[in-house]
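Q: sequence unknown, structure follows:
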C-alpha cells in the first residue's frame with residue numbers, strides 16, 4: 001500500500017533539511033570568514049596574492065566548513081520522533097511512567113517510598 005499523501009505544509013524531507021542546513025551554515029561561514037579574514041589581512045597584510053584572493057580564501061574555507069557541519073547537524077537534530085509520537089509509543093509499549101537507566105531509582109528506594117505512602121495513607125504519620 002502506498003504511503004498516504006502529505007498535506008500541504010508537511011514536514012520537509014531529509015534532502016530539504018540537508019540543503020537548508022548547508023545554506024544557513026554557508027551564509028554564517030561567509031560572514032565569519034569575512035570578519036576574521038578582514039581582521040587577519042589588516043593585521044598581517046594581504047600577502048603575495050593580494051587582498052581579494054586572500055579574503056575569498058578565508059570566506060570560502062569558512063563557508064565550506066560551517067555548511068558541512070551545519071547540514072549534518074540539522075538533519076540529526078530534526079530527525080526522529082516528536083515528543084508526542086515518542087510518548088504515544090511508550091504508552092503502547094506499556095513503558096510509560098517507568099524510569100530506566102542511570103537516573104532510575106533503585107529498588108530499595110522504591111520500596112521505602114511505597115512504605116511511606118502506605119504509612120501516610122493509613123494515618124500513622
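A: Perfect, thanks for sending it. Values in this document were obtained by computation on a predicted structure and should not be read as measured data.

Q: C-alpha only now, for contacts and for neighbours.
A: Noted.

Q: quick one, helices of the chain?
A: Listed in chain order, the helices of the chain (DSSP state H) span 14-44, 51-78, 83-93, 107-122.

Q: flag the shaky bits of this structure, pLDDT-wise.
A: Applying pLDDT under 70 to the chain picks out residues 1-10, 79, 81, 95-110, 124-125.

Q: spatially central, which residue of it would that be?
A: residue 77 (3.1 Å; Cα atoms, centre = their mean).

Q: how far away is it from residue 21?
A: 11 Å (Cα to Cα, to the nearest Å).

Q: with residue 30 instead?
A: 14 Å.

Q: neighbours around residue 70, how many?
A: Neighbour count for residue 70, taken as other Cα atoms under 10 Å: 23.

Q: surely it meets residue 25?
A: Yes - taking Cα atoms under 8 Å as the definition, residue 70 is a contact partner of residue 25 at 5.2 Å.

Q: list the contacts for the closest residue to residue 65 other than its chain neighbours?
A: Closest residue to residue 65 apart from its sequence neighbours, by Cα to Cα, 6 or more residues apart in numbering: residue 29 at 7.3 Å. By Cα atoms under 8 Å, 6 or more residues apart in numbering, the contact set of residue 29 is 59-60, 62-67.

Q: if I pick the residue nearest to residue 64 when sequence neighbours are not counted, what's in contact with it?
A: What sits nearest to residue 64 in space, not counting adjacent residues and going by Cα to Cα, 6+ apart, is residue 26, at 6.2 Å. Residues near residue 26 by Cα under 8 Å, 6+ apart: 62-67.

Q: of the residues you listed, select the buried ones using a PyMOL command.
A: Selecting only the buried entries of these in PyMOL, with 16 or more other Cα atoms under 10 Å as the criterion:
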select buried, resi 62+63+64+66+67
